[in-house]
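J.: Sequence first, predicted model second:
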Amino acid sequence: MIKVENLVKSFGAKRAVDDISFSVERGEVLGFLGPNGAGKSTTMRVITGFYPPTAGRVTVGGFDIVEDPLPAKRLIGYLPENAPGYAEMTVHGFLGFAAELRGLRGEAKKKAVQRAVETCFLESVLYQTIDTLSKGYKHRTCLAQSIIHDPDILILDEPTDGLDPNQKHEVRGLIKRMGEKKAIVFSTHILEEVEAACTRVIIIDRGRIVANDTPQALKARSKEGRLEDVFRSITLPDTVRA
Amino acid sequence: MNAWANIKAIMKRELGGYFTSPVAYVFLIIFLLLTGFFTFTVGNFFERGEASLVSFFTWHPWLYLFLVPAAGMRLWSEERRLGTLELLLTMPVTTWQAIVGKFLASWLFLIIALALTFPVWITVNWLGSPDNGVILAGYVGSALLAGAYLAISCMTSAMTRNQVISFIVSVMICLFLILAGFTPVTDLLVRWASPVFVQTIAAFSVMTHFESFQRGVIDLRDVAFFASVIGFALFATGVIIRGHRAG
């Protein structure tokens, strides 16, 4: 469903993403790991068509994201980092707007909003404006927006960031359930999350892929069988990089 | 059509955004108070003793100079500040549809504000018998002028996430567009520069084109001028937004 070939993304002289390739098929949940600033968000922004790539090619469901952006974007649901939302809109209004941009009208729109609200447990805040929501609700509102059109592909940038342990558990379960029928890419800093929800893990460091394997196989690389040890041995901490 | 449906959805959200925040009401009240003040007090509406809205329209380029950038400064900088720009542009809509949708929504808002000045029109019709064709032309010119300023605010708003910078830069550009054809300034310039040069500069001024609407003339060349300012500024907005993402 998603195919990334030799992707490079530079900002001025800085190469945020440096020649990475991978693909994700339906039924896969790909966990994106890496230190801060490794290029996770940048890669996701290129896949979703927000940033044009400097070099390389991204196809989504067979459509090139640069040449044929609209059909590619229709297939994707996207939760950007920090879960943005229009501050003065109500949750209901915001989800309705997202549904309209996804081409849903009338009864179909109503049903889509209702389904997303139920999936993300938003009933109690439906008519509150987004700037009055707690971080957890704000995050779930943006997550609801990403699944409003029941997309084949989900790109989730830190979907559990800022959630409490119960909410984290819910979202992981949701990702795992949806992953059976969709292609999902999500980024995280939480290593247990990867074990709980992913079928495959990619670790990127300074714009390059340093590991691409199943969680089990990665764990087997360390003596104690801990993902954390593997992560620390193949990525460099921020402090060393300068 | 799909494109129009997207533009409409974006327009609806943007216009709703004005009215769910205090922005719209503050803007409308200040706009109406100021137009009233300038028309009747500063513009000597009654002392003129003529049935026309000249004292009403004369002030519009100056009023809009501050009010239109205030209404337009949030258009794109707010999206960038909130991060919703990323959400909007990863939806299956083109950058164009987003720009046009947001612009039309704000323009419609300004036209609503302008339409709410109808008591002035009623007053002049009640007191005398003005040429309503001239007044209509004046309103058309005023709406086009607001559109041109707004498109410029749209462009400066796309440049920065800081609304204050966006406001100041667009006021400066609009001020230039006024002064280039403002008679006291052109009279001064003629002393140093050749009249052809001054006239060429003045042709880029909104004043030159706005004045003929006040005389009741809807000239296609004036309409084309405002349309091309709007077109150019919106095109520049698109270039700026793409530039940010290209890195």
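T.: Looks like it arrived, so ask away. Numbers count the residues shown, from 1 in each chain, chains lettered A, B, ... in the order given.
J.: Where do the strands of chain A begin and end?
T.: Applying DSSP state E to chain A gives strands spanning A:2-11, A:14-24, A:29-33, A:55-60, A:63-64, A:76-79, A:153-157, A:183-187, A:200-205, A:208-213.
J.: for those, which one sits closest to chain B?
T.: Distance to chain B, taken as C-beta to the nearest C-beta, is lowest for strand A:2-11 among these, at 4.0 Å. Every residue, glycine included, has its C-beta placed from N, CA and C.
J.: Quickly check: that closest one near chain B or not.
T.: Yes. On the criterion C-beta under 8 Å from any C-beta of the partner chain, strand A:2-11 is in touch with chain B at A:9-11.
J.: Now a PyMOL select for only the buried ones of those.
T.: Buried residues among the residues of strand A:2-11 next to chain B (16 or more other C-beta atoms under 10 Å in any protein chain shown), as a PyMOL selection:
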select buried, chain A and resi 9+10
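J.: out of the residues of strand A:2-11 next to chain B, who's nearest residue A:62?
T.: residue A:9 (21.9 Å; C-beta to C-beta).
J.: Spell out for me which residue occupies the centre of the chain.
T.: The chain I'm using is chain A. residue A:156 (1.6 Å; C-alpha atoms, centre = their mean).
J.: Can you look at chain B instead?
T.: Compute the mean C-alpha point of chain B, and by C-alpha atoms, centre = their mean the closest residue is residue B:146, 1.9 Å away.
J.: Quick check, that residue in contact with residue B:111.
T.: Yes. Counting by C-beta atoms under 8 Å, residue B:146 does reach residue B:111; the two are 7.4 Å apart.
J.: And for the closest residue to chain B within chain A, the neighbour number?
T.: Residue of chain A nearest chain B, by C-beta to the nearest C-beta: residue A:84 (3.3 Å). Look at residue A:84: counted by other C-beta atoms under 10 Å in any protein chain shown, it has 21 neighbours.
J.: now it: how far from residue B:166?
T.: Computed as C-beta to C-beta, to the nearest Å, the residue A:84 to residue B:166 distance reads 19 Å.
J.: List the buried residues in stretch B:4-12.
T.: With burial defined by 16+ other C-beta under 10 Å, the residues of stretch B:4-12 counted as buried are B:6-7, B:9-12.
J.: Distance check, residue A:208 against residue A:201.
T.: Taken as C-beta to C-beta, the span from residue A:208 to residue A:201 is 15 Å.
J.: quick one, which of the two is more surrounded?
T.: Neighbours per residue (other C-beta under 10 Å) separate residue A:208 from residue A:201, with residue A:201 holding more: 25 against 15.
J.: what's across from that one in the sheet?
T.: residue A:31, residue A:213 (DSSP bridges).
J.: Look up the pLDDT of residue A:239 for me, please.
T.: Looking at residue A:239, its pLDDT reads 58.
J.: show me where pLDDT drops low in chain B?
T.: Chain B contains residues with pLDDT under 70 at B:1, B:247.
J.: right, and residue A:156 touches residue A:183 too?
T.: No. Contact between residue A:156 and residue A:183 fails when scored by C-beta under 8 Å: they sit 11.7 Å apart.
J.: List the buried residues of the helix or strand where residue B:225 lies.
T.: Using DSSP states H and E, residue B:225 maps to helix B:220-246. Neighbour counts using 16+ other C-beta under 10 Å place B:222, B:225-226, B:229-230, B:233-234, B:236-238, B:240-241, B:245 of helix B:220-246 among the buried residues.
J.: what's the closest of those residues to residue A:65?
T.: Closest to residue A:65, out of all of these and judged by C-beta to C-beta, is residue B:245, at 12.4 Å.
J.: just checking, the closest one touches residue A:53?
T.: No. Using C-beta under 8 Å, residue B:245 makes no contact with residue A:53, being 10.9 Å away.
J.: dump the residue contacts of the residue nearest to the centre of chain A.
T.: Residues near residue A:156 by C-beta atoms under 8 Å, 6 or more residues apart in numbering or on different chains: A:78-79, A:143, A:146, A:175, A:184-187.
J.: Among those, name the buried ones.
T.: A:78-79, A:143, A:146, A:175, A:184-187.
J.: restrict these to those near chain B?
T.: Among the buried ones among the contacts of residue A:156, proximity to chain B is found for residue A:78 (C-beta under 8 Å from any C-beta).
J.: Make CSV from the buried ones among the contacts of residue A:156 and add distance to residue B:157 and pLDDT to it.
T.: Below are the buried ones among the contacts of residue A:156 laid out as CSV (distance: C-beta to C-beta, whole Å; pLDDT from 0 to 100):
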residue, distance to residue B:157, pLDDT
A:78, 24, 97
A:79, 26, 96
A:143, 29, 94
A:146, 27, 96
A:175, 37, 92
A:184, 35, 96
A:185, 32, 95
A:186, 33, 93
A:187, 31, 93
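J.: Next, the contact list for residue B:183, please.
T.: residue B:207.
J.: So which residues make contact with stretch B:137-146?
T.: For stretch B:137-146, the external contacting residues (C-beta under 8 Å, 6+ apart) are B:53, B:56-57, B:60-61, B:64, B:68, B:107, B:110-111, B:114, B:206, B:209-210, B:212-218, B:222-223, B:226-227.
J.: For it, list every residue counted as buried.
T.: For stretch B:137-146, by 16+ other C-beta under 10 Å, it's B:137-139, B:141-146.
J.: from the residues you listed, which ones fall inside helices?
T.: B:137-139, B:141-146 (DSSP state H).
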